[in-house]
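[1] Kindly generate the corresponding structure for this input.
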Amino acid sequence: MAEVGSVKRRGKTKDALIESKDQRWHCRNRLTLVFGSNDVEELETYIYRENGLEFKTVEFHQAKSKAIEEILDNCIDEYYRGNVTEIHTELSEDRKTVVVEDNGIGFPLGKAKQVYSEFRTGSKFKDEETDSKGFLNRTLGQNGLGASATCLTSDLFSARIRHYNSKQEQTFKFIDGALKITKSKKKDFKGHSGVRVEVTLSKEVYKNDVVDEDLLRKRIIDLAYNNPGLVFFFNKEKYIFKKGLFELATRIDATTAQNIGDEAYIFEAKTPRGQKVKGQVDLHLSVCYDPFNEDRERVISFVNSSPTFDGGFHQDRFRRLFINAIKEKLEKQAKKERLTIVDNDILTGVTFLIGITMPNPRFESQTKRKLVRDLNLEKGIETFMHKNMDKFLRKNKDFLEIILDRAKSRHKFQVLKDAAKKGKKQKKQRVEKLLDANERKDRSKCTLFICEGDSAIGGLRSSRNKLYQGGIALKGKPMNVTQASIKDILNNQEFSDIMASIGLTLGQPAELDDLRYSQIVFLADSDVDGGHINTLLINFFYTYWPELFENGMIQLAKAPLFEVITAKETLYAETPEELESIKASGVKIREIQRNKGLGEMSPEAFKHVLSRDVFTKITAQDISRAKDMLHVCFGKETIHRKELLLDE
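    Here you go, the predicted model:
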């Protein structure tokens, strides 16, 4: 080992001042070490309202809340020992004084001064201590700090102890952080035994000694949900619940609340001295899910009735096993539909309610906001989830459908996003088959005709208004986009050319002011095949740009089936009925030409069709019904089309 070097110092040095502070000074001046932050913070939580819960961000004073909760926690520990059936809490009108009273057995009167004014004093230090059945005790307080820290940081702390075994009571008053302590004479008592504590916190220590009524009420109702059958009173309001945290779940959402399970996991362990003991972990998990809520998951969790605001091991393990079970259940279906299910598909809109009661829980700090890992708890959670998740999944097929729909939507969104990038490139490419309108300044005056076949585009070429009318030809029937993937559509040359010609991008809404054509007109033969082409084009445009229909931009041009040549002019009939009407009018007919298709039309007939200012606009009064009908007509389920055709 190298020698430590010496330092040359100039002049005289000053020694550090070594002090020794008592625990009162240390607690009052280093409060965060015991109760956490002594500043107001924002906390995402919930407040109880008359008919439910309100999830909101509240102003939360960790240290002040914990100081009051420590007194309530002592009552809960006595309940775990089987000694308490009622807990009463009162908050004064000025909200500065809190009284907490239970009907437990109290404790020896001679220990009161130590319990409430000295650290490391309590009855719950022995982690291996068992109850009458040989099970390890479950408790909240383990360090002998809580109640004494509250007392040392209070202006007034009064404790009336009625000791069941001695049948005597005595009241102790700790003034100004126990600088002054007084006590009454011992006397016999009538009525219930137990402990009554009255607390007025020190404004000097906490900066603000007013207690938040909503948060105190929340803590008491939380305790009532965590301890079914235990009666609580808060300012004369009574709270008792028989179904525990599942009742809290139904209060959040009675429709979707599901009790996944209430189980007791029993394990064996050895004390440091080698003694065999048993431990019991009570586990509860309920969930609610809102299919219309896009928020991330919420978790409400408790360990031995204490809220674990910062989560910890129990939250992480329940959450992961819940996700894994659902992914495993949907694995085959997701693979079949080429979907990837991610955690957020499952967790979005879900609220978890977790309750753990266990021996010797270990938290990151005295505030008990975050639980650390425990091997027995880990085994208990895994056993619990393995036993209960299958039943939950069988009962909640609608929830699984919601997850699949989210995965489909996310997949489609990503595909459309990728398509938009590719579509922007395609928009810049020159379309060889486009017979473009020549207008450059005001493209809102331009109309694009989507024609059936090259022969039709030939007729359009010679008859159109070259300045304002353009055209593009289809080869046969276009693709059915309902049964095609986004990739298939992007790789379809005809649809790519149509989108580039108009200025549309797949996956993005139409920017109407930037389109190259303000009217898109379908021009197909007046036969069954022509009707099929028109409906397939409608399906394409309505699936991706329904706003074009809302603005009257998608139109249909009807080609004349008959050209009736008379002595003075040529008349046109689109249907046999119109032809019969012309015949009945008495006009002298020289010749009737029947056009089998657009390719047989005369140049005059083409000019007649193209000379119209407005064609037949295709509109939908009900968007959702229109989409449903397109799905019936073009979807994979043939049974729906059969029902439509047979419907009288």
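[2] ok so Thr421 is a strand residue?
    Check again: residue 421 is Lys, not Thr. No. Counting by DSSP: H, G, I helix; E, B strand; the rest coil, Lys421 falls outside a strand, being helix.
[3] so what's Ala456 up against?
    By Cβ atoms under 8 Å, 6 or more residues apart in numbering, the contact list for Ala456 reads 473, 523, 597-599. The C-beta positions use only the backbone N, C-alpha and C, and glycine is treated the same way.
[4] and it, how far is that from Val299?
    With distances taken as Cβ to Cβ, to the nearest Å, Ala456 is found 63 Å from Val299.
[5] And Lys124, what's its pLDDT?
    According to the prediction, Lys124 has pLDDT 50.
[6] before we move on, the earlier item: tell me which of the contacts of Ala456 fall in strands.
    When the contacts of Ala456 are checked against strands using DSSP state E, the ones located there are 473, 523.
[7] Out of the contacts of Ala456, who's the most crowded?
    By neighbour count, taken as other Cβ atoms under 10 Å, the most surrounded of those turns out to be Leu523 (28 neighbours).
[8] Which residues does it form beta bridges with?
    With beta bridges defined as DSSP bridges, Leu523 has these partners: Cys451, Ala557.
[9] how much space is there between it and Arg516?
    Separation of Leu523 from Arg516 (Cβ to Cβ) stands at 18 Å.
[10] picking up where we left off before, for the contacts of Ala456, which one is nearest Phe55?
    Among those, Leu523 lies closest to Phe55 (Cβ to Cβ), at 56.8 Å.
[11] Just to check, the closest one is in contact with Leu460?
    Yes. Using Cβ atoms under 8 Å, Leu523 and Leu460 qualify as a contacting pair, with a distance of 7.5 Å.
[12] With pLDDT added, can I get the contacts of Ala456 in TSV?
    Formatted as TSV, the entries for the contacts of Ala456 read as follows, by pLDDT from 0 to 100:
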residue	pLDDT
Ala473	90
Leu523	89
Gly597	75
Leu598	78
Gly599	75
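[13] tell me the two of the contacts of Ala456 that are most distant?
    Greatest spatial distance in these: Ala473 and Gly597, 13.0 Å, computed using Cβ to Cβ.
[14] wait, what's in contact with Asp282?
    Listed by Cβ under 8 Å, 6+ apart, the contact partners of Asp282 are 262-265, 355-358.
[15] what do Ala473 and Gly597 both touch?
    When contacts are counted by Cβ under 8 Å, 6+ apart, Ala473 and Gly597 have 452-453, 456 as shared neighbours.
[16] Need the residues you listed in JSON lines (columns: distance to Phe35).
    What follows is the shared contacts of Ala473 and Gly597, written out as JSON lines (distance: Cβ to Cβ, whole Å):
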{"residue": "Glu452", "distance to Phe35": "80"}
{"residue": "Gly453", "distance to Phe35": "83"}
{"residue": "Ala456", "distance to Phe35": "83"}
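[17] shared neighbours of Leu523 and Leu460, anything?
    Listed contacts common to Leu523 and Leu460 are 449, 451, 471; contacts here mean Cβ under 8 Å, 6+ apart.
[18] The host helix or strand of the last one: what's the following helix or strand?
    With elements delineated by DSSP states H and E, Gly471 resides in strand 469-474, which encompasses its position. Following the chain from strand 469-474 toward its C-terminal end, the next helix or strand by DSSP H and E is helix 486-490.
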